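In: mind folding the following:
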Amino acid sequence: MIFRTDLAIEADILSQPAIEGISSKNERVGSVNITRINIENDSASKRIGKAMGTYITLEFPALTDHFESTDEKIITISNEIKKLLPKNGLVFVVGLGNANITPDALGPQAADFILATRHIQGEIARSTGLGKLRSVAVLAPGVLGQTGVESAELIKSISDSLKPSVVILIDALASKQLDRLGKTIQISNTGISPGSGVMNSRPGINKETLGVPVISIGIPTVVDAKTLAADVLSFKESENEDMIDKNISAQAEFMMVTPREIDLLIERASRLTGMAINCALHPDFSPEDLYSLVS
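Out: Below is the predicted model:
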């Protein structure tokens with residue numbers, strides 16, 4: 001059995017001892033602990049099951065219990081997003097997921113906080129004092145079961161038309177540990193497989209499929225039940241798989257676990273993610289200014 005996780009920091013930890021081709025650095029900014037992991041070659045990528053690239057993990061007190069110093073967290077997260085952004089050009093932001101399923105609603109709800117500015121041009125931009133806003137387009141494409149269209153197909157079609165300098169994807173993730181839910185955000189330049197967090201993986205969305213850089217941003221909202229049970233029972237990935245399967249019901253393999261306060265978690269995580277992206281895209285405006293423009 002392989003413990004399922006969308007977080008590179010957990011895959012890296014699970015791969016101890018250290019693997020050649022993976023480097024990491026830690027930094028603390030206020031209440032946020034930042035871990036930057038670089039997967040530098042194909043061998044290391046295959047060992048931990050994560051694409052080559054940069055993974056930035058920010059850990060903070062639980063959003064459901066602590067929501068003070070919000071602007072501080074927003075600015076810290078936005079500074080990390082900026083490091084992966086091209087300096088100029090249209091940005092296409094996509095909120096992935098099903099808005100009708102709460103643990104999967106991070107993307108659509110975060111998209112509601114994104115300031116769409118592609119239409120603000122010329123005299124309108126000058127007269128409103130919004131000339132310094134970067135051009136941004138936003139989409140929440142829903143899921144295959146709602147539209148009959150793969151998210152990857154829709155995003156590819158629109159991206160080919162808009163020709164953005166970068167695509168930013170927002171999606172809910174799966175963690176190995178309940179303790180990470182609502183306390184962790186991952187930013188990477190490797191793209192994403194929509195639905196992977198809820199065991200319904202769809203075609204990948206990345207630089208190879210879209211032809212432009214792709215930044216993915218996600219917060220874990222679920223834990224695979226079998227993975228959680230193994231963690232609670234202190235089984236290790238290196239232990240005999242038959243032993244794990246014997247002690248954990250096979251039904252757990254098809255179940256996902258989410259905290260009871262998931263509604264509050266999604267509400268706060270969506271706002272945090274959306275506003276952090278806004279601050280990264282529009283550095284000439286304060287969080288207060290951007291709040292007023294999206295409210």
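
In: contacts only, for the closest residue to Ser31 other than its chain neighbours.
Out: The spatial neighbour of Ser31 that comes closest, neighbours along the chain excluded (C-beta to C-beta, 6 or more residues apart in numbering), is Phe60 at 5.7 Å. Quick note: C-beta positions are derived from backbone N, CA and C, even for glycine. In this structure, Phe60 makes contact with 31-33, 66, 73, 183-184, judged by C-beta atoms under 8 Å, 6 or more residues apart in numbering.

In: switch the cut-off to 6 Å
Out: Phe60 makes contact with 31-32, 73 under the criterion C-beta atoms under 6 Å, 6 or more residues apart in numbering.

In: so where is this structure shaky, pLDDT-wise?
Out: Counting by pLDDT under 70, the chain contains low-confidence residues at 1-3, 12-17, 66-69, 194-202, 230-254.

In: hang on, the earlier thing: so which of the contacts of Phe60 is the most crowded?
Out: Lys73 (24 neighbours; other C-beta atoms under 10 Å).

In: quickly note the distance from the residue nearest to Ser31 to Ser157.
Out: 36 Å (C-beta to C-beta, to the nearest Å).

In: JSON lines for the contacts of Phe60, including distance to Ile9 and secondary structure?
Out: Rendered in JSON lines, the data for the contacts of Phe60 read as follows (distance: C-beta to C-beta, whole Å; DSSP: H, G, I helix; E, B strand; the rest coil):
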{"residue": "Ser31", "distance to Ile9": "18", "secondary structure": "coil"}
{"residue": "Val32", "distance to Ile9": "14", "secondary structure": "strand"}
{"residue": "Lys73", "distance to Ile9": "18", "secondary structure": "helix"}
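
In: and the residues you listed, which is closest to Ala229?
Out: The shortest separation between Ala229 and any of those is 30.2 Å, and it belongs to Val32 (by C-beta to C-beta).

In: ranges for the strands of the protein?
Out: With DSSP state E, the ranges of strands along the chain come out as 22-29, 32-39, 53-59, 91-95, 136-139, 166-175, 184-188, 214-224, 256-257.

In: how far away is the residue nearest the centre of the chain from Lys156?
Out: Taking C-alpha atoms, centre = their mean as the criterion, Gly218 is the residue nearest the geometric centre of the chain, at 1.5 Å. Remark: distance between Gly218 and Lys156 (C-beta to C-beta) = 20 Å.

In: for the contacts of Phe60, give me a markdown table that also has distance to Gly145.
Out: What follows is these, written out as a markdown table (distance: C-beta to C-beta, whole Å):
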| residue | distance to Gly145 |
| --- | --- |
| Ser31 | 38 |
| Val32 | 36 |
| Lys73 | 33 |
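
In: report the separation between Lys25 and Asn33.
Out: When C-beta to C-beta is applied, the distance between Lys25 and Asn33 equals 12 Å.

In: and these two? which has more neighbours close in?
Out: Per other C-beta under 10 Å, whichever of Lys25 and Asn33 has more neighbours is Asn33, with 15 against 9.
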